[in-house]
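**Q** sequence unknown, structure follows:
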């Protein structure tokens, strides 16, 4: 009596190794998405800080130019250099020069706080305006 060897049929399903590899690939993909989200949140926060610096510098420039325009035409504008803090951390520098009797130049620089973790000194904002009287 001879018996024929039985053929093995392919079993349906996944092996444990295949499941583990799929989980590792999925975990790596999800970690990449998380890093992308964290980076995007950091960039949004940095953009908001830079926007605040630009707004403070622009406001200071417009107020200074308005004061200069309000002075009588014959009055000499003195050269001024001021520095003050904004919200206790960032600083604003204002430099007013009058090289000619009719042209006044105002330069405003907004400098982020040295303790800022988002912005560096290189991220300073400088705006210049001119008044011809």
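**A** Structure's in. What do you need? Please read these numbers as outputs of a predicted model, since none were measured by experiment.
**Q** Tell me how many other residues crowd residue 129.
**A** 15 (other Cβ atoms under 10 Å). From N, CA and C alone the C-beta is placed, and that goes for glycine too.
**Q** Test my guess that it contacts residue 63.
**A** No: Residue 129 lies out of contact with residue 63 (Cβ atoms under 8 Å); the separation is 10.9 Å.
**Q** and the next element down the chain from the helix or strand hosting residue 38?
**A** Element membership of residue 38, judged by DSSP states H and E, is helix 16-70. Note on helix 16-70: by DSSP H and E, the next helix or strand toward the C-terminus is strand 80-86.
**Q** Quick one: list the elements packing against that following strand.
**A** For strand 80-86, the packing partners by 3 or more Cβ pairs under 8 Å, 6 or more residues apart in numbering; DSSP states H and E come out as strand 90-97.
**Q** Tell me which other helices or strands the helix or strand just after the strand it packs on touches.
**A** As assigned by DSSP H and E, the chain's next helix or strand after strand 90-97 is strand 103-111. Packing partners of strand 103-111 (3+ Cβ pairs under 8 Å, 6+ apart): helix 16-70, strand 90-97, strand 125-132.
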